[in-house]
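Chemist: Got a sequence here, can you build the structure:
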Amino acid sequence: MSLIDEFRSGNFSLYGQWCGLISIIALIIFGIINFSLGWSLMGWIIAFLLVFIEIPLCMKCCPTSVNFDSYMSKFQNSYLRTAAYLVFAVLMWVAVGVGHRTVQVVSALFLTFAAIAYGIAAIRGQTPASSTVTGGTGVSTIV
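Modeler: Here you go, the predicted model:
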């Protein structure tokens, strides 16, 4: 199944994953551009966690501990991903408001969009899926 077919599938967990991937890139880049030890470090930690949540290939390839693997496996549920993205989005909105880090609006928006997409997927009862581009199964086994 191609990437275009995945976007046409209507599976909001895929949309959430792509918003999450864009937010990872934004968190890293804007953390460098507008460097502040506290806010940038927080954004990079969020990006690090999101890499392992959103890219299944990383969990297979990177050497991690059993405790880390069991912790990250909890985020295979759309409800927990929604909650995690909401927390991350709130932290980035605080960084924008309190820290005057206006460039982080992009990261906060994509984190918010990902939370909304995962929330819709959870409410619809859609089976969590991940894109074949990131090492997941795609929607070919779901549709």
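Chemist: next one: the helix or strand where Ile53 lies to chain centre, how far?
Modeler: Assigned by DSSP states H and E, Ile53 belongs to helix 37-54. Relative to its parent chain, helix 37-54 has a centroid offset of 10 Å by C-alpha atoms, centre = their mean, to the nearest Å.
Chemist: Numbering from 40 from now on, please.
Modeler: Sounds good: first residue 40 from here, last item helix 76-93.
Chemist: Next, the buried residues of that helix.
Modeler: Trp78, Ser79, Met81, Gly82, Ile85, Ala86, Leu88, Leu89, Val90, Phe91, Ile92, Glu93 (16 or more other C-beta atoms under 10 Å). No exception for glycine: its C-beta is placed from N, CA and C like everyone else's.
Chemist: Remind me what that helix packs against, helices and strands.
Modeler: For helix 76-93, the contact count by 3 or more C-beta pairs under 8 Å, 6 or more residues apart in numbering; DSSP states H and E identifies helix 51-72, helix 95-100, helix 105-112, helix 117-136 as packing neighbours.
Chemist: related to what we said a few turns ago, including pLDDT and distance to Thr166, could the buried residues of helix 76-93 go into a markdown table?
Modeler: As requested, these are exported to a markdown table (pLDDT from 0 to 100; distance: C-beta to C-beta, whole Å):
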| residue | pLDDT | distance to Thr166 |
| --- | --- | --- |
| Trp78 | 87 | 36 |
| Ser79 | 88 | 36 |
| Met81 | 91 | 32 |
| Gly82 | 91 | 30 |
| Ile85 | 93 | 26 |
| Ala86 | 94 | 26 |
| Leu88 | 89 | 23 |
| Leu89 | 90 | 21 |
| Val90 | 89 | 22 |
| Phe91 | 82 | 21 |
| Ile92 | 83 | 17 |
| Glu93 | 83 | 16 |
